[in-house]
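A.B. asks: sequence unknown, structure follows:
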Ligand code: GLU
């Protein structure tokens with residue numbers, strides 16, 4: 001196989017992306033990941049794309065996309081292309097990119113990589129637990145042995161037109177270890193056939209899956225570096241198989257340490273008070289917040305207040321701490337107190 005064009009190797013300008021989902025206010029964990037994606041791209045002479053991942057209309061909060069953008073501007077981040085300033089790779093809202101996802105599905109189908117599936121998650125969990133002696137249904141990936149032997153001609157078009165509402169579309173995942181050199185974690189390999197199995201690309205309720213949309217968008221928007229939280233590390237091998245099926249290049253990958261709450265769980269919308277909006281209301285300045293993040297992430301020896309641009313000199317993802325970061329109530333109280 002010809003060597004793949006990897007980011008940076010062909011001397012092409014870097015293109016990175018900020019890709020928040022407008023499903024709730026940004027919290028400290030989102031801010032850490034977006035700050036690092038910004039630093040990584042801005043420390044090279046590249047272009048930063050802002051993509052709104054609003055695929056799942058039922059979970060999108062009205063007005064949240066604008067609110068998130070204002071929060072990031074307050075933090076001191078900027079970008080070059082989005083749905084308001086424009087750019088040559090739009091539209092930048094996933095909700096407007098459905099035809100591109102359909103075109104990608106047709107290409108994958110022409111390559112024999114797709115099949116229809118009427119099983120629900122619950123069906124799969126039942127099959128998994130029936131097949132395991134321990135009755136353990138925790139890992140209910142789609143096993144290759146359930147694939148249909150053949151699919152009726154025209155099956156994909158019937159799904160895409162809405163005529164068939166009983167089937168989702170799944171990818172035939174290859175039983176192969178996918179290796180990549182993560183810019184934070186170092187060399188990493190995963191076999192998606194042993195994890196997710198044949199994952200869904202279009203759901204029965206007609207939503208395109210995140211896994212499909214993110215790869216199609218990153219390919220078509222010319223993205224050369226994907227910088228995101230380590231919670232998505234388990235998706236990368238499957239996404240790499242999609243990259244290989246749809247493109248002759250692949251991006252560089254960086255999976256970032258996560259911010260954990262007092263109970264050791266990844267920060268989420270449920271951790272009230274740690275949203276950028278509430279920290280701002282509590283009087284925390286963006287400089288204090290960025291300084292605290294820089295100290296916690298290992299970018300600076302202390303948590304002294306600073307602007308994102310002050311972190312650009314000598315920035316390297318390789319300098320990041322390798323462990324997840326506990327956000328204790330005490331640390332946050334201190335942040336609020338001294339701002
Ligand atoms: N929209 C996703 C999120 O907010 C990011 C997806 C990605 O970076 O691949 O977590």
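C.D. replies: In hand now; what should we look at? Please read these numbers as outputs of a predicted model, since none were measured by experiment.
A.B. asks: Quick one: residues contacting residue 79.
C.D. replies: For residue 79, the contact set (C-beta atoms under 8 Å, 6 or more residues apart in numbering) comprises 18, 38, 48, 49, 50. Bear in mind the C-beta positions are built from the backbone N, C-alpha and C, glycine included.
A.B. asks: Might one say that the last one is in contact with residue 90?
C.D. replies: No. With the criterion set as C-beta atoms under 8 Å, residue 50 and residue 90 do not qualify as a contacting pair; they are 10.8 Å apart.
A.B. asks: picking that back up, can you put the contacts of residue 79 in a markdown table and add secondary structure?
C.D. replies: Shown next, in a markdown table, are these (DSSP: H, G, I helix; E, B strand; the rest coil):
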| residue | secondary structure |
| --- | --- |
| 18 | strand |
| 38 | helix |
| 48 | strand |
| 49 | strand |
| 50 | strand |
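A.B. asks: Residue 176 and residue 194 touch, don't they?
C.D. replies: No. Contact criterion C-beta under 8 Å: residue 176 and residue 194 do not qualify, at 10.3 Å.
A.B. asks: Compute the distance between residue 91 and residue 13, please.
C.D. replies: Residue 91 is 22 Å from residue 13, where distance means C-beta to C-beta, to the nearest Å.
A.B. asks: actually residue 312, not the one I typed
C.D. replies: From residue 312 to residue 13 the distance is 17 Å (C-beta to C-beta).
A.B. asks: Same check on residue 124?
C.D. replies: In terms of C-beta to C-beta, residue 124 sits 43 Å off from residue 13.
A.B. asks: Same question for residue 103.
C.D. replies: Taking C-beta to C-beta, one finds residue 103 at 26 Å from residue 13.
A.B. asks: can you give me the strands in the protein?
C.D. replies: 5-6, 15-18, 47-50, 114-117, 168-171, 178-182, 186-190, 200-202, 225-229, 249-250, 252-256, 259-260, 325-326 (DSSP state E).
A.B. asks: gap between the second one and the chain center?
C.D. replies: This points to strand 15-18. Its chain's C-alpha centre lies 11 Å from the corresponding centre of strand 15-18 when counted by C-alpha atoms, centre = their mean, to the nearest Å.
A.B. asks: do the last one as well
C.D. replies: Per C-alpha atoms, centre = their mean, the displacement of strand 325-326 from the mean C-alpha position of its chain is 20 Å.
A.B. asks: Describe which strands that strand pairs with in its sheet and in which direction.
C.D. replies: strand 259-260 (parallel) (DSSP bridges).
A.B. asks: From the chain's centroid, how far away is the strand it pairs with?
C.D. replies: Counting by C-alpha atoms, centre = their mean, strand 259-260 comes out at 17 Å from the chain centroid.
A.B. asks: Can you give me the buried ones in stretch 249-260?
C.D. replies: 249, 250, 251, 252, 253, 254, 255, 256, 257, 258, 259, 260 (16 or more other C-beta atoms under 10 Å).
A.B. asks: Please look at the third one and residue 228 and confirm they touch.
C.D. replies: To tie it back to what came earlier, the one meant is residue 251. No. Using C-beta under 8 Å, residue 251 is not in contact with residue 228; the gap is 10.9 Å.
A.B. asks: Quickly list what residue 254 is bridged to.
C.D. replies: residue 227.
A.B. asks: Could I get the average pLDDT for stretch 85-99?
C.D. replies: For stretch 85-99, the mean pLDDT works out to 97.
A.B. asks: Contacts made by that stretch with the rest, please.
C.D. replies: So stretch 85-99 is in contact with 49-55, 57, 60, 65, 80-83, 208, 213, 216-217, 220-222, going by C-beta under 8 Å, 6+ apart.
A.B. asks: got the residues of this protein near the ligand?
C.D. replies: 19, 20, 21, 53, 214, 228, 232 (C-beta under 6 Å from any ligand atom).
A.B. asks: burial of the fourth one, as a residue count?
C.D. replies: In other words, residue 53. Around residue 53 there are 20 other residues, counting by other C-beta atoms under 10 Å.
A.B. asks: next one: the last one
C.D. replies: By the measure other C-beta under 10 Å, the count of residues near residue 232 is 16.
A.B. asks: And the pLDDT at it?
C.D. replies: pLDDT, residue 232: 97.
A.B. asks: quick one: it and residue 17, what's the gap?
C.D. replies: Distance from residue 232 to residue 17, by C-beta to C-beta: 13 Å.
A.B. asks: The fifth one now?
C.D. replies: When distances are taken as C-beta to C-beta, residue 214 and residue 17 turn out to be 10 Å apart.
A.B. asks: neighbour count winner among the two?
C.D. replies: residue 17 (28 against 23).
A.B. asks: wait, isn't that one in contact with residue 223?
C.D. replies: Yes. Between residue 17 and residue 223 a contact is recorded at 5.3 Å, counting by C-beta under 8 Å.
A.B. asks: Overlap of the contact sets of these two?
C.D. replies: Contacts common to residue 17 and residue 223, judged by C-beta under 8 Å, 6+ apart, are residue 49.
A.B. asks: Which one of the residues in the stretch 51-200 of the chain is closest to the ligand?
C.D. replies: residue 53 (3.8 Å; C-beta to the nearest ligand atom).
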